[in-house]
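Trainee: I'll drop the sequence and a predicted model, then ask my questions.
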Amino acid sequence: MTEHAEPTLFERIAAREIPAQIVAETDRVIAFHDIAPKAPVHVVVTTKEQGGYRDVVELAAGDPALLAELVAVARDVADELSDGDFRLVFNTGGNAGQTVFHVHAHVLAGGLEEGSLAG
C-alpha cells in the first residue's frame, strides 16, 4: 500500500467528509456517481481504506480478494443501474488519465458504442 500524508478525495468520500451520491457499499468498498459523467451511467467504485492502494496493479498484488470484491460491486451496480452490460475502466498513472491516486474503477454503461472510450 502507498502511504500519503493527506487523505485522497475518495478516502474523504468514504469517511463521509465529502458528500456523494452513494449507490452501493460493503465493509471495504464504496460506489458513487461520478460528478462529471462520461456515459449515461458513470459510477466510481473504490476501496474504503485510508492510505490504501494507489492503483489496480498495487491492489492486485497486495489484496486480490479486495480486487475481486471491487469487481463484484461494479457488476452489481451495472445490474442495478443498467442492463448489466458495462465497461469497467481502471486508469493507472497520470499519463493514462488517473487523477486520484487511490485505486478506483469507473463503471460506464448505457448505450456505449464499440470504439468509444470514456473514463
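Mentor: Looks like it arrived, so ask away. Numbering: from 1, shown residues only.
Trainee: where does pLDDT dip in this protein?
Mentor: 1-5, 113-119 (pLDDT under 70).
Trainee: and the contacts of the biggest helix by length in it?
Mentor: Longest helix in the chain, counting residues (DSSP state H): helix 64-81. Helix 64-81 is contacted from outside by 23-24, 26, 28-29, 31, 41, 43, 45-47, 56, 59-60, 84-86, 88, 103, 105, 107, 109, using C-beta atoms under 8 Å, 6 or more residues apart in numbering. To be clear about C-beta, it is placed using only N, CA and C from the backbone, and glycine gets the same treatment.
Trainee: for ChimeraX, what selects the buried ones among those?
Mentor: In ChimeraX, this line selects whichever of the contacts of helix 64-81 come out buried by 16 or more other C-beta atoms under 10 Å:
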select :23,24,28,29,31,41,43,45,46,47,56,59,86,88,103,105,107,109
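Trainee: one step back: now the longest helix of the chain, how far from the chain's geometric center?
Mentor: A distance of 10 Å separates the C-alpha centroid of helix 64-81 from that of its chain, computed with C-alpha atoms, centre = their mean, to the nearest Å.
Trainee: what is the subsequent helix or strand relative to it?
Mentor: Once helix 64-81 ends, the next helix or strand along the chain (criterion: DSSP states H and E) is strand 87-89.
Trainee: helices and strands around that following strand, which ones?
Mentor: Judged by 3 or more C-beta pairs under 8 Å, 6 or more residues apart in numbering; DSSP states H and E, the packing partners of strand 87-89 are strand 104-109.
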